[in-house]
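The following comprises the amino acid sequence and a computationally predicted model.
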Amino acid sequence: MLKAKNFINSLQSLGIDFFTGVPDSLMSEFSKSLHFDFNDKNHIISTNEGSALGICMGYSLGTGKIPLIYMQNSGLGNFINPYTSLLNSEVYNIPFVLLVGWRGEPGFKDEPQHQFQGKITLKLLELLQIDYKVIDKNTTLEEVHEYLSINIKTNNPSALVVRKDTFEKDQRKFQNNKNLPTRKKALEGIVKKFSTETIFISTTGKLSRELYQFRVDQDLSEDDFYTVGGMGHASAISFGLAKTLSNKNIVCLDGDGSILMHMGHQGIIGTEKMKNFFHIVFNNSAHESVGGQPNVYNSIDRKKLFSSFGYENIFTFNNLKDLTDSSFDTNNGPTYIEIEVQNYSESNLPRPKNSPIENKENFIKKVNSESSNS
């Protein structure tokens, strides 16, 4: 296995000393080392992969150096447009190094949302004309160093595709405020505030797994919609549904990292003034589902932000008592409800037993049933 600190030192010896991207669970040791060992020097955790590419472009223009961009392979979708229309050799010809976590690698068990992306990851890099090297627990630091040194001389983009267990495990933890409620407890409190007719859509990551666990533990129907992939799009899905079910409360269970990734859509939600739209954000100001890496959400004035988006009602909580005692009965909308929570989740969270197709069919049955009963 590669030790992340040594890996980063090797990159720096090649002149690669600027890092940005979106954290991935397969490479959490990499971002942990940048934080704990290098004090986040020249390290920016971006809101999405496309923005990371823009940051790197600006850095390269200013310094002439080659930056590194890291992401899960699912993030290649956000990456493609700025690469093909800006950094590509036929446009501005700006080189960079990619560090890509290979989720859904063929032949290895993974969650269903990663399977298709896993199949096409290498083909996609080939189509984009980005040279790559697959690295794993047997790859040596010398091999990586040699590969990158050769590719740097060509002034072309290159990628390291990271298999599971490539990096040595790092047990260090990011900061966690234990005075705040856990997301799981806050989620239970929120769900209980709404009627059984309420339609719930939950964002990708451990939040959906916590919602599933709550339904199983309470022996309730598992007919919520789990947005298992597509980080940042749960609010758009919820918005589209709220437009078709104006007589039902639609609750989007979201995360701060998800909000940051595609924030522009919140302005569209606010403009529509849907009183049946409730946007719940569990705020730990971190990418907890992939390692707990911090983000910038707490540095933003969220009340002013969502008010400027056009949200009519804004509630914020940092304890369960105030959340439990509050009423969300409103005559207008949309409504923003933020709950500050710990940067923590249980390690043994179950995953939904149903496939995404089965989840979709159960959800549609609920939507149709509730619509016909209205």
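Nice, I can see it.

Would you map the helices across the stretch 251-374 of the chain?
Ranges of helices in the stretch 251-374 of the chain, per DSSP state H, counting those that start in this stretch, are 256-261, 265-272, 302-309, 320-325, 356-373.

now the ones you listed in a markdown table, with mean neighbour count, distance to residue 5 and mean pLDDT?
(C-beta placed from N, C-alpha, C; glycine too.) Formatted as a markdown table, these follow (neighbours: other CB atoms under 10 Å; distance: least, CB to CB, whole Å; pLDDT from 0 to 100):
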| stretch | mean neighbour count | distance to residue 5 | mean pLDDT |
| --- | --- | --- | --- |
| helix 256-261 | 25 | 25 | 97 |
| helix 265-272 | 17 | 38 | 96 |
| helix 302-309 | 16 | 35 | 98 |
| helix 320-325 | 13 | 39 | 96 |
| helix 356-373 | 14 | 38 | 85 |
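
Now tabulate the ones you listed in JSON lines and tack on distance to residue 167.
JSON lines is the format used below for the helices of the stretch 251-374 of the chain (distance: least, CB to CB, whole Å):
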{"stretch": "helix 256-261", "distance to residue 167": "21"}
{"stretch": "helix 265-272", "distance to residue 167": "34"}
{"stretch": "helix 302-309", "distance to residue 167": "34"}
{"stretch": "helix 320-325", "distance to residue 167": "37"}
{"stretch": "helix 356-373", "distance to residue 167": "29"}
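
Now stretch 269-283: buried residues?
Buried positions in stretch 269-283, judged by neighbour count with 16 or more other CB atoms under 10 Å: 269-270, 274-283.

Inside strands: which ones of the residues you listed?
Taking DSSP state E, the ones among the buried residues of stretch 269-283 that sit in strands are 277-283.

can those residues go into TSV with extra columns for distance to residue 210 and pLDDT?
What follows is those, written out as TSV (distance: CB to CB, whole Å; pLDDT from 0 to 100):
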residue	distance to residue 210	pLDDT
277	22	97
278	18	98
279	18	98
280	13	98
281	15	98
282	9	98
283	15	98
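
May I have stretch 300-309 exported as PDB, CA atoms only?
Extracted as PDB, the C-alpha positions of stretch 300-309 are listed here (Å, rounded to 0.1, in the frame of the first residue of the first chain):
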ATOM      1  CA  ILE A 300     -21.800  31.300   4.600                       C
ATOM      2  CA  ASP A 301     -24.600  33.300   6.100                       C
ATOM      3  CA  ARG A 302     -27.300  30.700   5.200                       C
ATOM      4  CA  LYS A 303     -30.200  32.800   6.400                       C
ATOM      5  CA  LYS A 304     -29.300  35.700   4.100                       C
ATOM      6  CA  LEU A 305     -28.400  33.300   1.300                       C
ATOM      7  CA  PHE A 306     -31.700  31.300   1.300                       C
ATOM      8  CA  SER A 307     -33.700  34.500   1.800                       C
ATOM      9  CA  SER A 308     -32.000  35.900  -1.300                       C
ATOM     10  CA  PHE A 309     -32.900  32.800  -3.200                       C
END
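
just how off-centre is that stretch within its chain?
21 Å (CA atoms, centre = their mean, to the nearest Å).

contact partners of it?
Stretch 300-309 is contacted by residues 266-267, 269-270, 279, 281, 283, 314, 316, 336, 338 when judged by CB atoms under 8 Å, 6 or more residues apart in numbering.

Please apply the same query to stretch 106-114.
Contacts of stretch 106-114 (CB under 8 Å, 6+ apart): 73-74, 103-104, 118-119, 164, 204, 228-230, 351, 355-356.

Now render the residues you listed as CSV, adding secondary structure and distance to residue 260.
What follows is the contacts of stretch 106-114, written out as CSV (DSSP: H, G, I helix; E, B strand; the rest coil; distance: CB to CB, whole Å):
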residue, secondary structure, distance to residue 260
73, helix, 20
74, helix, 16
103, coil, 21
104, coil, 24
118, helix, 25
119, helix, 29
164, coil, 26
204, coil, 14
228, coil, 19
229, coil, 17
230, coil, 15
351, coil, 25
355, coil, 29
356, helix, 25
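
Show me which of these is closest to residue 3.
Closest approach between these and residue 3, by CB to CB: residue 164, at 16.5 Å.
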